[in-house]
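Trainee: the following comprises the amino acid sequence and a computationally predicted model.
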Amino acid sequence: MADIKELQEALLKKDEEIRLLKQKVEEANAQLRVVTTANADVVSKLLETSSKLSNDDIMRYSRQLILPDLGVKGQIGLKNSSVLIIGAGGLGCPAAIYLAAAGIGRLGVVDYDEVELSNLHRQILHTESRVGLSKSLSIARSCHSLNSSVEYVPYQLQLDSSNALDIIKCYDIVLDATDNVATRYLLNDACVLAGKPLVSGSALRFEGQLTVYNYEGGPCYRCLYPRPPPPETVTNCSEGGVVGVVPGIIGSIQALEAIKIASGLGSSYKQRLLLFDALDGTFRTPKLRPRNTDCPVCGDKPSIQQLIDYEQFCGARASDKDKDLHVLEENCRISPKEYAEMLKGGEPHILLDVRPAVELDICRLPQPALNIPYSSFGKSGTTCPSDLSQAMEKYGEDEKVPIVCVCRRGNDSQLVVRELKEKLAGKNVTVMDIKRGLYGWQKQVDQSFPLY
Ligand SMILES: Nc1ncnc2c1ncn2[C@@H]1O[C@H](COP(=O)(O)OP(=O)(O)OP(=O)(O)O)[C@@H](O)[C@H]1O
Ligand SMILES: [Zn+2]
């Protein structure tokens, strides 16, 4: 009997435990329902705001909203998209302002550099009062005053292998508005690894180019250019010059392609190149090679699965800061001050200005100079350019007057000295360069000398 009683008590205890457990499950379910409903509320609120245009939006964007190809759907696509622009210069400025005006949701702008006076003829979002200010901040400010409903994220830094992926991952579309080969490869690889379309632009002198890499199965930059060009063949705007409107046009089309991608229209340049020639007034759009299945980064068996050292790969720096060459021994160089002393003392010498002829019209040292541009030195083969030989002959064989080379910044002049030393080997002629060229002259000798 006692056993049965004990068993009954044990059963009752178990029943009570089961009841308590059921109660706990019920409470947990109730809590779950509350959380799920709350989440659904948050999600639907988010959807509601991101899929709706405010009255201000409707008025502001009305002229593009009524385009049947774009419409409300396209505008919401823009509002929900983010674009990252690398380079706040000649291409970045027009690209940024049109993206801001069109109502892109978020706009990131990366640039390590500060505004300079020589930027203003083409980098049209910067102003005279912002000379010395960060370019990415300056763009964000200008765009904000045009459209404050866009979120702006300025990055005052140099994009490199250590930060590129983390930044790019936060955006939908990337615009390459930079001016150097190392950054082009970096951006290409980062966009392939992160799966982002790369709207790439470039502009120099009177010419511009544009294409969209890594977009809907199209080629990447490496598919078309597997090897970087020799560094000495690459020119940038500060060396080659550029007409401001050219990057204006290319940067605007970069914005246009990003707008088309973001609004669902798609880009016209996935396997096509735009070539703009401002002197001819022509636009050509040749087709490009398709994606290379053996491409080391976007091919079927990629060997590059993380970012590499792009400055090393290209043999060139990714910024134009501190570009001073040091190829000569100190005894082959004189300071601008020493050259000024030479002039004062009337020491006979040949001044050889190795800048392009067009630059001598801008300014020159106060001494008659022979002009043989650096670019033409290779053309005379192993011999000395004939103009220089003639100038040396004027002084006669016995009087070996020194040759003093000068250029804008003191880089080309060093290369010329090196070359002349080989060409004049055995002739016992002193050849030297003026350190830091006209920049050095302005700094050490004549502050009123114009710089460009
Ligand atoms: N890796 C990089 N990270 C961040 N910004 C970059 C990088 N590479 C280039 N840039 C920026 O891209 C911009 C390119 O623009 P652009 O060539 O018009 O200007 P610039 O270099 O100031 O011109 P200039 O050659 O006349 O001095 C520059 O502002 C430069 O600082
Ligand atoms: Zn590729």
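Mentor: Arrived safely, thanks for sending. Treat the numbers as computed from the prediction; the structure is a model and nothing was measured. Ligands and ions are numbered 1, 2, ... in the order given.
Trainee: three-state assignment of the residue of the stretch 1-150 of the chain at minimum distance from ligand 1?
Mentor: Using C-beta to the nearest ligand atom, Gly89 is the residue of the stretch 1-150 of the chain that sits closest to ligand 1, at 2.1 Å. C-beta: built from backbone N, CA, C; applies to glycine. Secondary structure, DSSP: H, G, I helix; E, B strand; the rest coil: Gly89 is coil.
Trainee: leaving out sequence neighbours, find the closest residue to it.
Mentor: Counting by C-beta to C-beta, 6 or more residues apart in numbering, Gly89 lies nearest to Gln123, which is 5.2 Å off, once chain neighbours are set aside.
Trainee: and the gap between that neighbour and Ser81?
Mentor: 25 Å (C-beta to C-beta, to the nearest Å).
Trainee: comparing those two, which residue is more hemmed in?
Mentor: Gln123 (26 against 22; other C-beta atoms under 10 Å).
Trainee: I'd say the more buried one and Gly90 touch.
Mentor: Yes. Judged on C-beta atoms under 8 Å, Gln123 makes contact with Gly90 at a distance of 5.6 Å.
Trainee: wait, what's in contact with the residue of the stretch 301-450 of the chain found nearest ligand 1?
Mentor: The stretch 301-450 of the chain approaches ligand 1 most closely through Ala318 (4.6 Å), counting by C-beta to the nearest ligand atom. Ala318 sits next to 158, 160, 180, 182-183, 186, 310-311 when contact means C-beta atoms under 8 Å, 6 or more residues apart in numbering.
Trainee: let me see the residues that make contact with stretch 271-286.
Mentor: Residues from elsewhere that reach stretch 271-286, judged by C-beta under 8 Å, 6+ apart: 206-211, 218-219, 243, 245-246, 249-250, 253, 268-269, 287-290.
Trainee: inside strands: which ones of those?
Mentor: Among those, the members found in strands (DSSP state E) are 207-211.
Trainee: buried subset of the residues you listed?
Mentor: Buried members of those, counted by 16 or more other C-beta atoms under 10 Å: 207-208, 210-211.
Trainee: Tyr374 against Val416, yeah?
Mentor: Yes. Here Tyr374 reaches Val416: they are 5.7 Å apart, a contact under C-beta under 8 Å.
Trainee: what about these two, which has more around it?
Mentor: Neighbours per residue (other C-beta under 10 Å) separate Tyr374 from Val416, with Val416 holding more: 23 against 18.
Trainee: A helix includes that one, no?
Mentor: Yes. Looking at Val416 with three-state DSSP, it is inside a helix.
Trainee: show me the contacts for it.
Mentor: With C-beta under 8 Å, 6+ apart, Val416 has these contacts: 352, 354, 374, 377, 405, 407, 433.
Trainee: and it, how far is that from Leu424?
Mentor: Distance from Val416 to Leu424, by C-beta to C-beta: 12 Å.
Trainee: of the contacts of Val416, which ones also sit close to ligand 2?
Mentor: Among the contacts of Val416, no residue sits close to ligand 2 (C-beta under 5 Å from the ion).
Trainee: ok, the closest residue to Gly105 other than its chain neighbours - how many residues close by?
Mentor: Computed as C-beta to C-beta, 6+ apart, the closest residue to Gly105 that is not its neighbour in sequence is Lys79, at 5.0 Å. By other C-beta under 10 Å, the residues close to Lys79 number 24.
Trainee: now Glu16
Mentor: Count around Glu16 with other C-beta under 10 Å applied: 10.
Trainee: next SSE downstream of the helix or strand where it lies?
Mentor: Assigned by DSSP states H and E, Glu16 falls within helix 2-50. Reading on from helix 2-50 to the C-terminus, the next helix or strand found by DSSP H and E is helix 55-60.
Trainee: that next one: which residues count as buried?
Mentor: Applying 16+ other C-beta under 10 Å to helix 55-60 flags 57, 60 as buried.
Trainee: now do that helix, average pLDDT.
Mentor: For helix 55-60, the mean pLDDT works out to 97.
Trainee: report all helices and strands that the next helix or strand after that helix contacts.
Mentor: Sequence order places helix 62-65 as the next helix or strand after helix 55-60, per DSSP H and E. Helix 62-65 sits against helix 71-79, with contacts defined as 3 or more C-beta pairs under 8 Å, 6 or more residues apart in numbering; DSSP states H and E.
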